[in-house]
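Student: Sequence below, structure please.
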Amino acid sequence: MARPLKLIVPAALAIAVVPAVANAAVVEYQAENATITNGVVESNHAGHTGSGFVNYDNEIGSAVEFTVNAPAAGSAKLTFRYANGTTVNRPMDVFLNGALKQSKWSFPGTGAWTTWTTKTITLTLNAGANTIRTVATSANGGPNLDRLDVDAQGGGTPDTQAPSVPGSLRSTGSTASSISLAWNASTDNVGVTDYVLSNGQTATGTTHTVSGLTPDTSYTFTVQARDAAGNLSGASSSISARTQPGTPGGTRPHDVNGLLRVCGVQLCNQYGNPIQLRGMSTHGIQWYHQCSKSQWWDALVNDWNADFIRVAMYIQEDGYETDPRKFTDMMHGYIEEATRRGIYVLVDWHQLSPGDPNYNLARAKTFFTEIAQRHKDKTNIIYDIANEPNGTSWASVKSYAEQMIPVIRAIDPDSLIVSGTNGWSTFGHSDGQSPSQVLNNKVNATNFMYSFHFYAQAHKDAYLSVLDQVSSQVPVFVTEFGTQAASGGGSNDFTMSQKYIDLMDRKKISWANWNFSDDGLTGAVFKTGTCSGTTFAGTNVLKPAGVWVRERIRTPDNFPTS
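Tutor: Next up, the predicted model:
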């Protein structure tokens, strides 16, 4: 799926980020400003240029497409700067204007992800705009791609004349999450090809809308013109513009609610008002990452009206411990996609077996340190540090939580943190323990919630009573539930499920349903095989559990702002 780059530059941090720079006849095109398919922009490995690089997803077909401009038709040297920290070759096909020019071009290992090198190919470009597309041809994906350098002068006299400075940069409108800009056209001896905004985004015309911004926040912009040789004009005069405050009834839950806070025993929005979030959990991303397509996200956000997504990253069971770098990068991708679409993202440390979360304490510290460092400035992150502790005591779970929370808080002091409880996140009830063990020995933390899980076909009124009891005394987030058995299979019990829904609605308990995939069990909302296609909206692709839960997600909380 295409992943447009989201760069946000508040007024106090406005800087010029130049995606293409002329150096004699050479023009640099930064990969993070290209069109990206099934990849993510990152900056966690030193030595890259620009604001980051593209990490291809580990799959055949992930791609980066550049639009490059040649002042005249003729041969050009194309130099790709990349890193490959593995010992495995990551070949790619190279397409020019849709035609395959180099098949399975080798991008061998460079020794480390911080070791960058180049590969050069000579192609014949058309005058004006050309598309250069690099497509991964193996299941390992492509290398980390930093930029493309294009020498398209053909040995002639270089064009060194810069365009004139764009005039009259102005704001033409704003919403809670976007600012629209316009400016007067520049002139050039050859011709202006595009305009570069100070936040790194580009426009081919004289208008552009910067989206994915934070409500009620001031941003500063300038704009430069660029010609086919990569010459940049001077920067326009700067302007500052402010996004609108979040408003009730908006289609982007995060725009309205902002940074989440615990108030008493409830979850509250940026205005201090209790709210209920309704969302879906992925299945294990080690097995069902192929579902994560643009149409899948569109269905979740626009058809289901979900407020958040829970990303289930298993630790064992072929998950994180098998390749920490791969799964951390996958989580970065889910976070960026959710952020771009204006919903919350619950980062689920899905420890399951062994059930004592302390077994994975060192791994958890490593993972959440990187997640917090990368995303600490976002306000849509929810950290879930333990999925379903089981076969262990509450004292052990509490000890784990009180070691993990300071790790996150040292980097991100504000975002919501959630942790499971003993007995498969039932406050001990599944183990025959009393919830009082938790209620009388609470985790020492702020902006913290306890998770509760249930599966309605197996967990009847006694579990419902526990949820009612504990949610009156501590803040509770139902981070996983199903309408069937705890295995995710078996028959649906919609009558019991509705009892839970009614209780959670009445007490504004947020919830996530298991799961937004096409797994063969009844708990997966999509019919088997759906993820191999591109249709996810509507009810024709849904199993009965999907039809049922979609109807209940589509009636969101009113998200009060006053």
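Student: what separates stretch 530-540 from the chain centre, distance-wise?
Tutor: 21 Å (C-alpha atoms, centre = their mean, to the nearest Å).
Student: And the helices in the protein, which stretches?
Tutor: 253-257, 285-288, 294-298, 324-340, 361-375, 394-409, 422-425, 436-439, 461-471, 494-507, 544-553 (DSSP state H).
Student: shouldn't Ser415 be in contact with Asn447?
Tutor: Yes: between Ser415 and Asn447 there is a contact at 7.4 Å, judged by C-beta atoms under 8 Å. Yep, even glycine has a C-beta here, placed from its N, CA and C like the rest.
Student: Common neighbours of the two, please.
Tutor: Common neighbours of Ser415 and Asn447, counting by C-beta atoms under 8 Å, 6 or more residues apart in numbering, are Leu260.
Student: Neighbour count: those two, which is higher?
Tutor: Neighbours were counted for Ser415 and for Asn447 using other C-beta atoms under 10 Å; Ser415 has more, 22 against 18.
Student: got a list of what the more buried one touches?
Tutor: Per C-beta under 8 Å, 6+ apart, neighbours of Ser415: Leu259, Leu260, Lys376, Lys378, Thr379, Ile381, Ile382, Tyr383, Ile408, Asn447.
Student: Tell me how far the fourth one lies from Gly200.
Tutor: The gap separating Lys378 from Gly200 is 18 Å, by C-beta to C-beta, to the nearest Å.
Student: can you check the second one too?
Tutor: For Leu260, the distance to Gly200 (C-beta to C-beta) stands at 29 Å.
Student: returning to what we had before: Throw the helices of the chain into a markdown table and include mean neighbour count, mean pLDDT and distance to Ser451, thanks.
Tutor: Formatted as a markdown table, the helices of the chain follow (neighbours: other C-beta atoms under 10 Å; pLDDT from 0 to 100; distance: least, C-beta to C-beta, whole Å):
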| stretch | mean neighbour count | mean pLDDT | distance to Ser451 |
| --- | --- | --- | --- |
| helix 253-257 | 27 | 89 | 19 |
| helix 285-288 | 20 | 97 | 19 |
| helix 294-298 | 18 | 93 | 24 |
| helix 324-340 | 20 | 93 | 18 |
| helix 361-375 | 17 | 95 | 15 |
| helix 394-409 | 19 | 98 | 11 |
| helix 422-425 | 26 | 97 | 5 |
| helix 436-439 | 17 | 97 | 11 |
| helix 461-471 | 17 | 98 | 11 |
| helix 494-507 | 16 | 97 | 13 |
| helix 544-553 | 19 | 96 | 18 |
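Student: Which one, of those, ends up nearest to Asn305?
Tutor: helix 544-553 (6.1 Å; C-beta to C-beta).
Student: follow-up on the earlier one: neighbour count for Leu260 and Gly200, which is higher?
Tutor: Neighbours around Leu260 and Gly200, counted as other C-beta under 10 Å, are more numerous at Leu260. The numbers are 25 against 20.
Student: Who are the contact partners of that one?
Tutor: Contacts of Leu260 (C-beta under 8 Å, 6+ apart): Leu267, Cys268, Asn269, Gln270, Tyr344, Thr379, Ile382, Ser415, Leu416, Asn447.
Student: got a list of what the first one touches?
Tutor: By that I understand Leu267. Per C-beta under 8 Å, 6+ apart, neighbours of Leu267: Leu260, Arg261, Pro274, Ile275, Gln276, Leu277, Leu416, Met449, Pro475, Phe477, Lys508, Ser510.
Student: Likewise for the third one?
Tutor: With contacts defined as C-beta under 8 Å, 6+ apart, the neighbours of Asn269 are Val256, Asn257, Gly258, Leu260, Arg261, Ile275, Phe559, Pro560, Thr561.
Student: just the second one next, same as before
Tutor: Contacts for Cys268 were tallied using C-beta under 8 Å, 6+ apart; they are Leu260, Arg261, Val262, Pro274, Ile275.
Student: how near is Gly234 to Glu388?
Tutor: With C-beta to C-beta as the criterion, Gly234 and Glu388 are 58 Å apart.
Student: again with Tyr271
Tutor: In terms of C-beta to C-beta, Tyr271 sits 33 Å off from Glu388.
Student: cool, Ile553 as well?
Tutor: Ile553 sits 23 Å away from Glu388 when distances are taken as C-beta to C-beta.
Student: same check, this time on Trp287
Tutor: Trp287 sits 17 Å away from Glu388, going by C-beta to C-beta.
Student: Ser198 now?
Tutor: Taking C-beta to C-beta, one finds Ser198 at 46 Å from Glu388.
Student: Also Trp296?
Tutor: 25 Å.
Student: cool, and Thr37?
Tutor: Applying C-beta to C-beta to Thr37 and Glu388 gives a distance of 35 Å.
Student: same question, Ala112
Tutor: Distance of Ala112 to Glu388, computed by C-beta to C-beta: 37 Å.
Student: Neighbour count: those two, which is higher?
Tutor: Set Ala112 next to Glu388 and count neighbours by other C-beta under 10 Å: Glu388 wins out with 23 against 14.
Student: which residues sit in contact with the more buried one?
Tutor: By C-beta under 8 Å, 6+ apart, the neighbours of Glu388 are Gln351, Leu352, Gly355, Gly420, Trp424, Ser425, His453, Glu480.
Student: ok, 6 Å please
Tutor: Leu352, Gly420, Trp424, Ser425 (C-beta atoms under 6 Å, 6 or more residues apart in numbering).
Student: Dump those residues into JSON lines; add distance to Gly85 as well.
Tutor: What follows is the contacts of Glu388, written out as JSON lines (distance: C-beta to C-beta, whole Å):
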{"residue": "Leu352", "distance to Gly85": "29"}
{"residue": "Gly420", "distance to Gly85": "33"}
{"residue": "Trp424", "distance to Gly85": "38"}
{"residue": "Ser425", "distance to Gly85": "36"}
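Student: Out of these, which comes closest to Leu169?
Tutor: Gly420 (50.3 Å).
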